[in-house]
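below is the structure, and that's it, no one-letter string:
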């Protein structure tokens, strides 16, 4: 399973380290906490990726084990796909 950022998704970082994703087609926006912003930046840097591609960076940055990181990333990706901010291909 590969995941891609939707071309209709725009990210804006905020001064407090959080951020917002906006689907420019539906005008739906989704708030991101600081952890989600770090994950989103990894997603943007990797255009098309598998969830496992993001695990090492998240483990290193947040000092979390691989299984926990994978589970949290998968949940995040699932939510963003549901909101049409990402595409699973």
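That came in fine, so what should we check first? All values reported here derive from a predicted model rather than from experimental measurement.

could you pull out the helices for the chain?
Counting by DSSP state H, residue ranges of the helices within the chain are 34-45, 51-62, 66-82.

in TSV: the ones you listed, plus mean neighbour count.
Yep, even glycine has a C-beta here, placed from its N, CA and C like the rest. Converted to TSV, these look like this (neighbours: other Cβ atoms under 10 Å):
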stretch	mean neighbour count
helix 34-45	17
helix 51-62	16
helix 66-82	16
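
so which of those is nearest residue 3?
With Cβ to Cβ as the measure, helix 66-82 is the member of those nearest residue 3 (5.6 Å).

quick one: average confidence on that closest one?
Over the span of helix 66-82, the pLDDT mean works out to 94.

how about stretch 8-15?
If you average the per-residue pLDDT over stretch 8-15, you get 96.

and what of stretch 47-62?
The predicted model gives stretch 47-62 an average pLDDT of 88.

could you check how far that stretch is from the centre of its chain?
Averaging C-alpha coordinates over stretch 47-62 and over its chain gives two centres that are 10 Å apart (Cα atoms, centre = their mean, to the nearest Å).

ditto for stretch 25-34
Using Cα atoms, centre = their mean, we find the averaged C-alpha position of stretch 25-34 to lie 11 Å away from the chain's own average C-alpha position.
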